[in-house]
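Novice: 3D model of this:
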Amino acid sequence: MIEALAGLLSAAALIAISRAWRAERWLYALSLLVLPLLYAGFALLAEAPAVAAQEMRFGLPYWLGGIALALLGRRYPVAVTAVVAVLWLLHGGFDAIHPQLFVNPGVPAWYPLYCGSVDIAIGLYLAVLAWQLAQPPRNGVTSK
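Specialist: The predicted structure is shown next:
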């Protein structure tokens, strides 16, 4: 269970950093690029390049989505934030079933729970943020 707590703390740190840098429009989308790289990196460390390639094939939607959504974030902030939230939540589900999909000898036993906790926390945060962005301004005050 310490893995889940560490994941939640990591998510809180990423959220705090993105808010401090005012980078919420692009940081979460570009962070999607990292998700498949981590699993592929574990495979490469275990000298399993075929598994690394397979991890990257499964990660292709996160690469394409992350780049496209980072570029579109300013133009369509509500929609992009919602799609990025869904991708983070989906990756949390991927973490849960990863051991059934892959035999990746480099992935530490604790990692899927840690990563899934990060993904779900960030995905839920972004879902709330998308909802807030979609709300009409009150009393002439505009939102982010």
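Novice: count the residues that sit near residue 84.
Specialist: 30 (other CB atoms under 10 Å). To be clear about C-beta, it is placed using only N, CA and C from the backbone, and glycine gets the same treatment.
Novice: residue 38: how many residues sit nearby?
Specialist: 13.
Novice: can you show me the helices along this structure?
Specialist: 2-20, 27-31, 34-45, 49-72, 77-101, 111-134 (DSSP state H).
Novice: got CSV for those, with mean pLDDT too?
Specialist: Listed next are the helices of the chain as CSV, based on pLDDT from 0 to 100:
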stretch, mean pLDDT
helix 2-20, 96
helix 27-31, 92
helix 34-45, 96
helix 49-72, 94
helix 77-101, 94
helix 111-134, 96
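Novice: check those for me and report the most buried one.
Specialist: Mean neighbour count, computed with mean count of other CB atoms under 10 Å, is highest for helix 27-31 among the helices of the chain, reaching a mean of 21.
Novice: for that one, enumerate the helices and strands it packs against.
Specialist: Taking 3 or more CB pairs under 8 Å, 6 or more residues apart in numbering; DSSP states H and E as contact, the helices and strands that helix 27-31 lies on are helix 2-20, helix 49-72, helix 77-101, helix 111-134.
Novice: out of those helices, which is closest to residue 32?
Specialist: Evaluated with CB to CB, those place helix 49-72 nearest to residue 32, the distance being 3.4 Å.
Novice: helices or strands up against the closest one?
Specialist: helix 27-31, helix 34-45, helix 77-101.
Novice: so which of these is nearest residue 70?
Specialist: Short answer: helix 27-31, nearest of the helices and strands packed on helix 49-72 by CB to CB, at 4.0 Å.
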